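Undergrad: Pasting the sequence and the predicted model now:
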Amino acid sequence: MRILRTSDEFAAELQEFMCAAVQRRKDDDGLGGARGGKSRNLEDLDSDGGNRLVCVTGGVSYLGRAVVERLLIHGYSVRIVVASPEEEEQVREMGISGETASFNNRISAVMARLTDIGSLIQAFDGCFGVFHTSAFIDQAGISGYSKSMAELEAKVSEAVIEACTRTGSVRKCVFTSSLLACIWQDGSLCDLPAVVNDECWSQEQVCTQKKLWYALGKLKAEKAAWRIAGEKGLKLATICPALITGPDFFPRNPTSTLAYLKGAEEMYGKGVLATVDVKRVAKAHVFLFEGMNRASASGRYICFDNVVMCRHSAEKLAKVIGINPHKLCGHSGHPPSSVLSDKKLLHLMSRTLTSCSQQT
């Protein structure tokens, strides 16, 4: 289990602030394109900050809001895809209240259907990159997420990635998957490899057999994304976060939380029941997006903060959610040592911070 120490966390926050300051200084000096300077070819825009407009699907969700806020801090302008007037109003409220209020002039909303490629192309037009963070719920389904929602999530993934490939301005996409797309293999977690990393994939038949619809949806959606991106030459990276937590995470994100935890007792027993703070996931999205300027920064990235390794930790998590601790850990004692590895993400983030600090 890897736990970031307080001193390390402070240093990381400080370096990140310096990175954002460097970009803002570039923008103020006319290097950002929006405030002056000569026009640039699209291939040059990403490396020097010429185009700072990106699009986020699911930008009003729990994770989406955090990603939007992090993008704004890093100097981007954000266009949020909305599906209803209610969501459009939420975007407007984001621009006049809360931590994003000071960035009001850099937030906008665009109405689009996530299953309509033409609608998405119009939404993405003019954006250099896309962050696909959307997830889907069905209040009538088991735990709010049914088999039909898994199929819908895969269809939306296909539409989003296809639209990215058909939009002239879009050069790269960061896709939110899930750790669940990595760990359900060979009929049982007992057959997991010694280390679970970005090379591991869950198996569709296992997810279907166990009725793990949330895991199935994330798995099929991510596979569809990689298939189309590979066929069309889109630069793609995917983040596979553990259970997303943070302030009021359950009241604000109940459906996905409960759906994620189906099979939690088995995950706990194998040492792969993990959590991650929403702010860390948001940072990972932006760091990965910026790191994609390098050919090496691609592929899949597991993202987690903590592994639930004892009954006490399980009880704390269960209390926040309001469920019986037995649903998380059963009657098991301490699970084996964690086999999860986020080494690839840590390496990328450390390289990005080092690169930024050298510019200050």
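TA: The structure has been received and is ready for your questions.

Undergrad: CA only for contacts and neighbour counts going forward, please
TA: Fine.

Undergrad: Flag the shaky bits of this structure, pLDDT-wise.
TA: In the predicted model, the chain carries pLDDT under 70 at residues 1-50, 137-143, 187-192, 294-297, 332-338, 352-360.

Undergrad: ok, which stretches of it are strands?
TA: Ranges of strands within the chain are 53-57, 77-82, 107-111, 129-132, 172-176, 235-241, 243-245, 274-277, 299-303, 306-307, based on DSSP state E.

Undergrad: Can you show me the helices along the stretch 251-360 of the chain?
TA: With DSSP state H, counting those that start in this stretch as the criterion, the stretch 251-360 of the chain has helices at 254-260, 264-270, 278-291, 311-321, 326-329, 343-359.

Undergrad: ok, back up a step: any chance of the strands of the chain in CSV, with mean neighbour count and distance to Ser350 too?
TA: Output for the strands of the chain, formatted as CSV (neighbours: other Cα atoms under 10 Å; distance: least, Cα to Cα, whole Å):
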stretch, mean neighbour count, distance to Ser350
strand 53-57, 25, 24
strand 77-82, 25, 25
strand 107-111, 19, 29
strand 129-132, 25, 22
strand 172-176, 25, 19
strand 235-241, 24, 16
strand 243-245, 23, 22
strand 274-277, 20, 18
strand 299-303, 25, 14
strand 306-307, 22, 19
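
Undergrad: among those strands, which is nearest Ala123?
TA: With respect to Ala123, and counting by Cα to Cα, the nearest of these is strand 107-111 at 6.1 Å.

Undergrad: I would like the residues contacting that closest one, please.
TA: With Cα atoms under 8 Å, 6 or more residues apart in numbering as the test, strand 107-111 has contacts from 77-84, 88, 91-92, 95, 123.

Undergrad: so what strands line up beside it?
TA: Strand pairing for strand 107-111, using DSSP bridges, gives strand 77-82 (parallel).

Undergrad: How far does the strand it pairs with sit from its chain's centre?
TA: Centroid separation for strand 77-82 versus its chain: 15 Å, with Cα atoms, centre = their mean, to the nearest Å.

Undergrad: What of stretch 94-113?
TA: 19 Å.

Undergrad: which stretches of the stretch 1-150 of the chain form helices?
TA: Under DSSP H, counting those that start in this stretch, the stretch 1-150 of the chain gives helices at 6-28, 42-48, 62-73, 85-96, 117-124, 147-166.
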